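1. below: sequence and its predicted model.
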Amino acid sequence: MSFLFIADVSSIGVSYMASVALISESGSWKDLKVHVEDIKKTHLRELMADPGRCQSMVVEFDDILLDYSRQCATLETVNKLFKLAEDACLKEKINRMFSGERINSTENRSVLHVALRAQRDAVICSDGKNVVPDVWGVLDKLKEFSERVRNGSWVGATGKELKDVIAIGIGGSFLGPLFVHTALQTDPEANQYAKGRQLRFLANVDPIDVARNITGLNPETTLVVVVSKTFTTAETMLNARTLRAWIIDALGPSAVAKHMVAVSTNLPLVEKFGIDPNNAFAFWDWVGGRYSVCSAVGVLPLSLQYGFAVVEKFLKGAQSIDQHFFSAPLEKNIPVILGLLSIWNVSFLGYPARAILPYSQALEKFAPHIQQVSMESNGKGVSIDGFPLPFESGEIDFGEPGTNGQHSFYQLIHQGRVIPCDFIGVIKSQQPVYLKDEIVNNHDELMSNFFAQPDALAYGKTAEQLQKENLPQHLISHKTFTGNRPSLSILLPSLNAYNIGQLLATYEHRVAVQGFIWGINSFDQWGVELGKSLATQVRKQLHASRVKGEPVEGFNFSTKTMLSKYLKVLENFSNHMGEKKFLSNLFPLLNKCSGRITLVDV
Ligand SMILES: O=P(O)(O)OC[C@H]1O[C@](O)(CO)[C@@H](O)[C@@H]1O
């Protein structure tokens with residue numbers, strides 16, 4: 001089935017004009033502000049007693065089940081939220097995204113990560129050009145290259161097969177691929193193709209992360225993939241130079257051509273770095289970093305580890321949700337419903353955080369990935385037109401797999417602050433275990449908690465109930481659970497590459513929905529720039545003080561004091577042990593390249 005998106009520019013113009021005003025000025029926003037006061041008076045216990053309401057709050061698509069009946073919302077609330085979506089021109093904004101309009105206006109870019117997983121015969125245009133053939137051109141090249149590495153026809157400088165891969169990258173060039181890799185690693189279907197292979201991720205510029213990554217690896221059998229959209233990110237480039245030194249130190253300069261490849265939108269810089277452009281895999285400026293896992297950013301490392309066929313299945317799962325998001329009516333549209341409920345929780349009920357709680361250890365890197373997708377996208381203070389927002393946008397995302405989280409921060413969620421929770425469960429475990437004498441197997445035990453926690457949050461436990469249990473009076477208030485704490489539950493049929501793709505796209509689009517409703521630009525990230533530029537000033541100072549003995553100057557009292565102390569202690573330390581020797585002592589594996597690894601590289 002082909003996937004056609006055709007821009008209706010005339011209607012876009014009209015809706016764009018309509019969307020310039022702040023959404024908080026709309027009748028539906030004001031109506032919800034009044035309505036929320038009624039909802040606050042109603043406990044979830046009462047809401048849950050209405051089976052008709054609960055039934056209407058279950059949506060299914062492509063074997064994913066969403067139950068949002070434990071939201072502090074009535075059917076009236078939901079209808080009002082759909083009205084808000086209309087007032088925010090949500091449908092038009094989704095169309096504009098899919099039709100390649102430059103909706104990332106501050107960077108003058110389209111937002112087309114959906115094209116990365118489109119079928120070969122789909123037509124998705126940016127600036128009037130169908131980008132799908134380019135996408136598939138790179139996918140074909142990735143398939144061919146990963147197969148050559150996997151079947152041993154691409155070998156290292158000494159003729160050995162490259163079984164180990166280190167992917168260097170940070171932020172969007174790391175978190176998405178790490179999430180998918182962690183989820184696939186325990187999937188027997190995917191993992192059968194990964195035998196004898198290792199995939200590692202080097203993100204942090206901390207030399208400890210370098211050491212951890214190269215521990216136990218032999219440069220002769222290692223392929224380094226440098227992943228950076230811009231190819232200028234300081235941490236990634238320093239890590240890339242460090243691993244280049246590691247390879248050259250062991251195998252000589254000519255080995256770089258066989259042991260280092262790159263993924264970037266900036267191919268001239270890839271070449272300048274010394275990586276053969278033929279060994280570079282492109283993507284495009286219409287792919288945001290945090291939305292890039294379906295580009296070569298994720299496809300290359302994952303194909304090297306699991307084979308291209310597994311990755312293609314992952315892309316298909318994401319594509320299924322793209323089609324659903326594009327075409328399903330609002331009331332059946334899972335990402336739209338999720339996005340609207342987040343708006344309700346943040347902007348009306350006033351809950352600033354959200355916990356992402358997958359009851360699957362394989363999804364342990366899901367919350368960290370969504371943290372970036374959500375918080376870098378929607379943590380904005382002005383509207384897309386540059387007007388200060390009179391309401392908070394974005395939410396604080398965090399999470400851990402259940403049941404681990406239950407023994408950690410759930411206390412606060414049950415009796416402290418109200419934090420809407422996403423419970424994510426999987427019906428069929430990747431790794432079922434059955435013990436003869438146990439009442440339940442491990443997966444049932446896990447899922448018992450998945451099913452129980454949302455009710456504990458919603459219903460709580462009253463003082464009367466505790467009194468009936470003859471609890472000593474002085475413990476009653478301590479053991480009371482107020483309940484009325486919202487959550488939603490997502491049930492996936494299993495956790496294979498396809499489902500992982502579905503989950504990814506569902507959350508990506510949910511975040512977009514929130515941004516579209518709040519009227520912000522979810523696709524830029526200016527907030528990360530200031531810290532980066534201040535670090536440049538510090539970096540220069542460290543270099544000047546170390547190499548030329550220049551005093552610390554041009555900083556406020558606090559930073560000057562800290563920097564001076566840092567330099568002084570390190571100088572004494574180096575005098576005693578030698579900085580490089582210190583590293584070598586901690587990590588003998590760095591001995592070999594101790595002459596090349598430095599802490600500061602200006
Ligand atoms: O892929 P790059 O260009 O190295 O950027 C890495 C990350 O850095 C950021 O720009 C934030 O600092 C992210 O948006 C991005 O994913």
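-> Structure's in. What do you need? Quantities reported herein were computed from a predicted structural model and do not represent experimental measurements.
2. which of the helices or strands spans the residue in the stretch 301-450 of the chain that the ligand sits nearest to?
-> With distances taken as CB to the nearest ligand atom, the stretch 301-450 of the chain approaches the ligand most closely at residue 376, which sits 5.8 Å away. Placement of C-beta: from N, CA and C, glycine included. Residue 376 is part of helix 366-378, with elements assigned from DSSP states H and E.
3. name the residues that touch that helix?
-> Residues outside helix 366-378 that contact it (CB atoms under 8 Å, 6 or more residues apart in numbering) are 171-172, 175-176, 178-179, 183, 290-291, 293, 354, 356, 358, 393-400, 424, 503, 507-508, 511-512, 514-515, 518, 520, 522-523, 525, 527-528.
4. after that helix comes which helix or strand?
-> Using DSSP H and E, the helix or strand that follows helix 366-378 towards the C-terminus is strand 396-399.
5. would you mark the buried spots in that next one?
-> Neighbour-count burial for strand 396-399 flags 397, 398, 399 (criterion: 16 or more other CB atoms under 10 Å).
6. which helices and strands does that strand pack with?
-> strand 353-358, helix 366-378 (3 or more CB pairs under 8 Å, 6 or more residues apart in numbering; DSSP states H and E).
7. tell me what angle the longest one forms with strand 353-358.
-> An angle of 150 degrees separates the directions of helix 366-378 and strand 353-358 when computed by axes from the mean of the first three to the mean of the last three CA atoms, to 10 degrees.
8. now do the same for residue 434: its pLDDT.
-> The predicted local distance difference test score for residue 434 is 87.
9. ok, residue 545 next?
-> 94.
10. nearest residue to it in space, please, no chain neighbours.
-> What sits nearest to residue 545 in space, not counting adjacent residues and going by CB to CB, 6 or more residues apart in numbering, is residue 567, at 5.2 Å.
11. who's in contact with the one you found?
-> Residues in contact with residue 567, defined by CB under 8 Å, 6+ apart, are 542, 545, 546, 552.
12. which SSE is the residue in the stretch 1-150 of the chain that the ligand sits nearest to in?
-> Nearest to the ligand in the stretch 1-150 of the chain, going by CB to the nearest ligand atom, is residue 107, at a distance of 11.1 Å. Using DSSP H and E, no element contains residue 107; it sits outside every helix and strand.
13. can you pull the pLDDT of the residue nearest to residue 500 when sequence neighbours are not counted?
-> Ranked by CB to CB, 6+ apart and with sequence neighbours excluded, the top spatial neighbour of residue 500 is residue 183, at 4.8 Å. According to the per-residue confidence, residue 183 scores 98 in pLDDT.
14. run a quick neighbour tally on residue 183.
-> Each residue near residue 183 was counted by other CB atoms under 10 Å, and the total is 27.
15. what sits up against stretch 451-470?
-> For stretch 451-470, contacts defined as CB under 8 Å, 6+ apart pick out 44-45, 48, 70, 357, 402, 406, 410, 413-414, 421, 423, 425, 475-477, 479-487, 489.
16. buried sites along stretch 305-325?
-> Under 16+ other CB under 10 Å, the buried positions of stretch 305-325 are 305-308, 310-315, 317-325.
17. same check, this time on stretch 76-83
-> Per 16+ other CB under 10 Å, stretch 76-83 contains these buried residues: 77, 78, 80, 81, 82, 83.
18. just those: which are in helices?
-> 77, 78, 80, 81, 82, 83 (DSSP state H).
19. which of these sits closest to residue 125?
-> Taking CB to CB as the measure, residue 125 lies nearest residue 82 of these, at 29.2 Å.
20. show me what contacts the closest residue in space to the closest one that isn't next to it in sequence?
-> Distances taken as CB to CB, 6+ apart put residue 330 closest to residue 82, at 5.2 Å, once the chain neighbours are dropped. In this structure, residue 330 makes contact with 82, 85, 90, 91, 336, 337, judged by CB under 8 Å, 6+ apart.
21. next one: residue 462 from residue 418, what distance?
-> Summarising the geometry, the distance separating residue 462 from residue 418, computed by CB to CB, to the nearest Å, is 17 Å.
22. which of those two has more neighbours?
-> When residue 462 and residue 418 are compared on other CB under 10 Å, the one with more neighbours turns out to be residue 418, at 19 against 15.
23. tell me the secondary structure at the more buried one.
-> coil (DSSP: H, G, I helix; E, B strand; the rest coil).
24. was I right about it contacting residue 355?
-> No. In this structure, residue 418 is not within contact of residue 355 by CB atoms under 8 Å, at 10.7 Å.
25. who in the chain is up against the ligand?
-> Residues of the chain lying near the ligand by CB under 6 Å from any ligand atom: 170-173, 228-230, 233, 236, 289-290, 376, 525, 528.
26. change it to 8 Å
-> Counting by CB under 8 Å from any ligand atom, the chain comes close to the ligand at 169-175, 227-233, 236, 264, 288-290, 292, 297, 372, 376, 525, 528-529, 532.
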